[in-house]
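>>> for reference, the sequence and a predicted model appear below.
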Amino acid sequence: MLSLLALSTMVRWFSGARKSSCEEISSKEPADSGFLLKGGLLLLMLLISQCTYSQQKILIYDIIRKNETIGTVEASRITKGAQTKYHVESHVAIRLFADIKVDVWLNSNYINGIMTEAWMRKTINGRDKTNNHLLKKNDGYCFINISGDTSSLQSSITRSISTLYFTEPLNLEKIFSENFLRYVPLQNKGQGTYKILLPDGHVNSYTYKNGICTEVEMETQLSNVFLKLKSVTDNL
């Protein structure tokens with residue numbers, strides 16, 4: 001954002017220094033300082049109109065399994081003008097039959113409420129298990145997964161899993177999954193809780209308070225894990 005000092009300096013430049021420059025071009029006719037000042041103010045207004053505030057919200061969750069914290073999730077949303085970017089990153093370390101480390105990165109970009117691009121990558125002990133890329137083209141999307149298989153969707157995506165941390169899915173019956181590259185059913189169970197039915201047969205539950213997701217219950221092959229909201233940070 002332009003500071004008052006910078007604005008005043010630019011005004012003086014247009015009313016003073018700019019005037020001298022015009023006088024150098026034509027010494028016969030005096031420069032119209034009022035005209036120059038108005039022009040300078042107009043330019044400043046145009047510059048200010050281009051200055052867009054950037055807002056960022058960061059949510060931190062603990063990942064808990066059987067009363068033990070096994071990892072963290074950081075979800076961030078950055079909004080600047082018509083563009084909104086979501087980034088969700090989770091890291092889990094657990095010992096079962098062996099040490100297992102699971103890392104997930106999820107990014108999605110929206111312009112005017114429409115997804116334009118998204119990525120989802122998951123690694124287990126450093127080896128890729130999921131690597132999806134979505135790209136909007138014309139009236140639909142092209143998808144490519146870790147195996148190089150491609151598919152498409154002829155519609156506009158307005159809500160996806162990455163948005164669930166920040167916005168309660170009111171009045172939605174389905175939502176797009178960046179992981180499964182398809183829409184998945186969503187059920188409103190009341191009292192701010194919503195269930196998502198995944199293609200692998202598992203169910204995830206999201207619970208909200210004041211529009212922000214405070215808890216997620218995720219079914220896994222071994223046991224359920226919980227995401228508990230730890231902190232909320234707003235940056236302007």
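Noted; the coordinates are in hand.
>>> OK, contacts around residue 113?
residue 158 (C-beta atoms under 8 Å, 6 or more residues apart in numbering). C-betas here are computed from N, CA, C, even on glycine.
>>> residue 152 too?
Here residue 152 is in contact with 140, 141, 142, 143 (criterion: C-beta under 8 Å, 6+ apart).
>>> who wins for neighbours among those residues?
When neighbours are counted by other C-beta atoms under 10 Å, residue 141 leads the contacts of residue 152 with 22 neighbours.
>>> could you show me where the strands are in the chain, in order?
54-65, 68-80, 83-95, 99-111, 114-124, 127-137, 140-144, 150-153, 174-177, 182-190, 193-197, 203-209, 212-218, 225-235 (DSSP state E).
>>> circling back: from the contacts of residue 152, which is closest to residue 126?
Using C-beta to C-beta, residue 143 comes nearest to residue 126 of the contacts of residue 152, at 24.7 Å.
>>> got the domain ranges for this structure?
Per the record, the chain has its domains at 4-50, 54-233, by automatic domain parsing.
>>> put together JSON lines for the ones you listed, with mean pLDDT on each row.
Below are these laid out as JSON lines (pLDDT from 0 to 100):
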{"stretch": "domain 4-50", "mean pLDDT": "45"}
{"stretch": "domain 54-233", "mean pLDDT": "95"}
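>>> which of the ones you listed is buried the deepest?
domain 54-233 (a mean of 15; mean count of other C-beta atoms under 10 Å).
>>> span of that domain from start to end?
With C-alpha to C-alpha, to the nearest Å as the measure, domain 54-233 spans 14 Å from end to end.
>>> now do stretch 147-161: distance to the chain's middle.
Stretch 147-161 sits 17 Å away from the centroid of its parent chain (C-alpha atoms, centre = their mean, to the nearest Å).
>>> send the alpha carbons of that stretch over as PDB?
Extracted as PDB, the C-alpha positions of stretch 147-161 are listed here (Å, rounded to 0.1, in the frame of the first residue of the first chain):
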ATOM      1  CA  SER A 147       0.800 -42.800 -13.800                       C
ATOM      2  CA  GLY A 148       0.500 -40.300 -16.600                       C
ATOM      3  CA  ASP A 149      -3.200 -41.200 -17.200                       C
ATOM      4  CA  THR A 150      -5.300 -38.300 -18.300                       C
ATOM      5  CA  SER A 151      -9.000 -37.500 -18.000                       C
ATOM      6  CA  SER A 152     -11.300 -34.500 -18.300                       C
ATOM      7  CA  LEU A 153     -14.300 -32.800 -16.700                       C
ATOM      8  CA  GLN A 154     -16.700 -30.500 -18.600                       C
ATOM      9  CA  SER A 155     -17.900 -28.200 -15.800                       C
ATOM     10  CA  SER A 156     -16.500 -25.500 -13.500                       C
ATOM     11  CA  ILE A 157     -15.200 -26.400 -10.100                       C
ATOM     12  CA  THR A 158     -16.300 -23.900  -7.400                       C
ATOM     13  CA  ARG A 159     -15.500 -25.900  -4.300                       C
ATOM     14  CA  SER A 160     -12.900 -28.600  -3.500                       C
ATOM     15  CA  ILE A 161     -11.500 -30.400  -0.500                       C
END
